[in-house]
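J.: Below: sequence and its predicted model.
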Amino acid sequence: MRRREFVMAASALALLPEARATDEAMRVAIRAWAGREPEAGALDIAIAELVENGNAVPVRVAANEPVAGLALFTPLNPEPEVVHVAFGAGSARPEFSTRMRLARSQRIVAVARAADGRCWQAGVDVIVTLAACVEP
């Protein structure tokens, strides 16, 4: 790569907006997915509260009653929406497991949406000692 190409590429990259979620961006994303502001409620969020490395953090979310969907959100990752999962009417105990990257310590929020329009959320604080976005 020549110097001119490098300078042009670096300039273009510098003009891109920085992807960074905020608490407000997360609340907007939650309202967009849920269709309303969720109330506090009971959801089982299984995640370590102290994470040594944020690159692949296992998490499991489960609802105690049938729901149409579950979602997971983070306020401080570059994008607030982690995953949305839809369930059919036959799911007696809907749940999902995944691995997620955590940019740094933050509150993880899970949201449930019932078929009748009810929405509720729960959260857990997670401390990350080595952020996911600093390792190559």
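T.: Ah, there it is. Predicted, not measured: the structure shown is a model, and the values here were computed from it.
J.: low pLDDT regions in this protein?
T.: Along the chain, segments meeting pLDDT under 70 span 1-20, 132-136.
J.: Let's see that with 50 instead.
T.: 12-18, 135-136 (pLDDT under 50).
J.: for it, what spans make up the strands?
T.: Remark: strands assigned in the chain by DSSP state E are 39-40, 43-46, 50-53, 57-63, 69-73, 81-86, 95-100, 106-113, 119-130.
J.: Let me have those in JSON lines, adding distance to residue 32 and mean neighbour count as columns.
T.: Yep, even glycine has a C-beta here, placed from its N, CA and C like the rest. Below are those laid out as JSON lines (distance: least, C-beta to C-beta, whole Å; neighbours: other C-beta atoms under 10 Å):
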{"stretch": "strand 39-40", "distance to residue 32": "17", "mean neighbour count": "9"}
{"stretch": "strand 43-46", "distance to residue 32": "19", "mean neighbour count": "16"}
{"stretch": "strand 50-53", "distance to residue 32": "28", "mean neighbour count": "14"}
{"stretch": "strand 57-63", "distance to residue 32": "19", "mean neighbour count": "19"}
{"stretch": "strand 69-73", "distance to residue 32": "10", "mean neighbour count": "22"}
{"stretch": "strand 81-86", "distance to residue 32": "9", "mean neighbour count": "15"}
{"stretch": "strand 95-100", "distance to residue 32": "19", "mean neighbour count": "14"}
{"stretch": "strand 106-113", "distance to residue 32": "11", "mean neighbour count": "23"}
{"stretch": "strand 119-130", "distance to residue 32": "12", "mean neighbour count": "16"}
